[in-house]
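Trainee: A predicted structure for the sequence below; I have some questions about it.
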Amino acid sequence: MDKNTNVLIVDDYKTMLRIIRNLLKQLDFNNVEEATDGQEALSKLRAGNFGLIISDWNMEPMTGLDLLKEVRADARLKPIPFIMITAESKTENVVAARAAGVSNYIVKPFNAETLREKIEKVMAHA
Amino acid sequence: MLKVDRAQIALNVMSGLNKTEATLLQELEALGRLVSAAKEEIAAMRVENVDATHLPAATDELDEVVKSTANAANEILDVCETLENLQPTLAPEAADTVAVCVTRIYEACAFQDITGQRIGKVVNALKQIEQRVRETTGRYAPAASLPARSAPARTEGERLANGPQPVAAASSQAEIDALLASFD
């Protein structure tokens, strides 16, 4: 697992961005950028070079699911592993995310071990 | 003069009715008066206190709760980051203990996100109630202007964005993992 990879974390709650950033730092991921909604994330993804996306679902003006669809529809961004971290825990949400091409799905509240495990899993398949 | 004419007409009509028809007419008149009185009562309701003061005040209070918990969570995170910066100066065992404790605090601070989303759902519900109250009273109070209904969700992501589920109804991480694995 390349821990020098650029990670984009997307959440409209600044506190959650800070928590995920700090947890990633503990896992030795130090190249972390932030976005507060899907549109900002998409702009950063198109302008940069990222190896992992960790995104919330419930954001405006573009949701995490819509961001995922945009990423999977973009030839250059398509291969990037995409982990959804969200409070949306209904089966229909998981099914929709899976259909859109999510790499893994973490339900909030989550713990650091779950985050580490899912990152390792998706990076292994990247 | 007009009143006399109307009374005479009514008398003529009534005299041409049988008993059942006259009773029915009286009941219809009573019903009409009841509807008219109800309309006046609704129009006179002092709902401006509800839709102009109480509900916005309630949503403001809830917004303050979200801000306060966010501030508190950020204070806690500040302290955690200070502790993490101290780790290199500590003995290895102590540094490990600090790391474990700080991680647990980070995990616990995620409460602010969940509570914020739950409160956001309550605020939206209050706004819906406010709109319905204004619509109902607006029908009988011509001066009131009806607010536009919010536009329906357009994308699948927006349609499925419902926020945290009640704890009893929420899927666990293990259930979600099993669901995802079922697709492989």
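Mentor: Now that the structure is in, tell me what you want to look at.

Trainee: got the phi and psi for the closest residue to residue A:63 other than its chain neighbours?
Mentor: With CB to CB, 6 or more residues apart in numbering or on different chains as the criterion, residue A:63 has its nearest non-adjacent residue at 3.2 Å, and that residue is residue B:157. C-beta coordinates here come from the backbone N, C-alpha and C atoms, glycine included. Main-chain torsions, residue B:157, degrees, to the nearest 10: phi -60, psi -40.

Trainee: next, count neighbours for residue B:157.
Mentor: Counted with other CB atoms under 10 Å in any protein chain shown, the neighbours of residue B:157 add up to 25.

Trainee: do stretch A:114-126 and chain B meet?
Mentor: Yes: residues of stretch A:114-126 contacting chain B under CB under 8 Å from any CB of the partner chain: residue A:114.

Trainee: pLDDT on that stretch, on average?
Mentor: Averaged across stretch A:114-126, pLDDT comes to 92.

Trainee: residue contacts, the residue nearest to residue A:63?
Mentor: For residue B:157, the contact set (CB atoms under 8 Å, 6 or more residues apart in numbering or on different chains) comprises A:38, A:57, A:62-67, A:69.

Trainee: apply 6 Å and report the result again.
Mentor: Residue B:157 makes contacts with A:63, A:65-66, as judged by CB atoms under 6 Å, 6 or more residues apart in numbering or on different chains.

Trainee: these into a markdown table, with extra columns for neighbour count and secondary structure?
Mentor: As requested, these are exported to a markdown table (neighbours: other CB atoms under 10 Å in any protein chain shown; DSSP: H, G, I helix; E, B strand; the rest coil):
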| residue | neighbour count | secondary structure |
| --- | --- | --- |
| A:63 | 26 | coil |
| A:65 | 29 | helix |
| A:66 | 23 | helix |
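
Trainee: only the buried residues of the helix or strand that contains residue B:39, if you could.
Mentor: Residue B:39 is part of helix B:19-44 when elements are defined by DSSP states H and E. By neighbour count with 16 or more other CB atoms under 10 Å in any protein chain shown, helix B:19-44 contains the buried residues residue B:43.

Trainee: now swap in stretch A:56-74 and tell me
Mentor: Result for stretch A:56-74 [16+ other CB under 10 Å]: buried residues A:56-59, A:62-72.

Trainee: just after the helix or strand where residue B:60 lies, pick out the following helix or strand.
Mentor: Element membership for residue B:60, per DSSP H and E: helix B:55-86. Once helix B:55-86 ends, the next helix or strand along the chain (criterion: DSSP H and E) is helix B:92-109.

Trainee: that next one packs against which elements?
Mentor: Using 3 or more CB pairs under 6 Å, 6 or more residues apart in numbering or on different chains; DSSP states H and E, the elements in contact with helix B:92-109 are helix A:14-26, helix B:55-86.

Trainee: quick one, it and helix A:14-26 angle?
Mentor: Angle of helix B:92-109 versus helix A:14-26, following axes from the mean of the first three to the mean of the last three CA atoms, to 10 degrees, is 150 degrees.

Trainee: what's the average pLDDT for helix B:92-109?
Mentor: 93.

Trainee: helices and strands of chain B: which one bottoms out on pLDDT?
Mentor: helix B:48-49 (a mean of 64; mean pLDDT, DSSP states H and E).

Trainee: run through the helices of chain A in chain order.
Mentor: A:14-26, A:38-47, A:64-73, A:91-100, A:112-124 (DSSP state H).

Trainee: which of those is buried the deepest?
Mentor: helix A:64-73 (a mean of 22; mean count of other CB atoms under 10 Å in any protein chain shown).

Trainee: anything in it near chain B?
Mentor: Yes: residues of helix A:64-73 contacting chain B under CB under 6 Å from any CB of the partner chain: A:65-66.

Trainee: and the angle for that helix with helix A:38-47?
Mentor: Using the same axes, to 10 degrees, the direction of helix A:64-73 lies 20 degrees away from that of helix A:38-47.

Trainee: which of the three states applies to the residue at minimal distance from the centre of chain B?
Mentor: Computing the C-alpha centroid of chain B and ranking residues by CA atoms, centre = their mean puts residue B:125 first, at 0.9 Å. Here residue B:125 is recorded as helix under DSSP: H, G, I helix; E, B strand; the rest coil.

Trainee: where does it land on pLDDT?
Mentor: Model confidence at residue B:125 (pLDDT) stands at 89.
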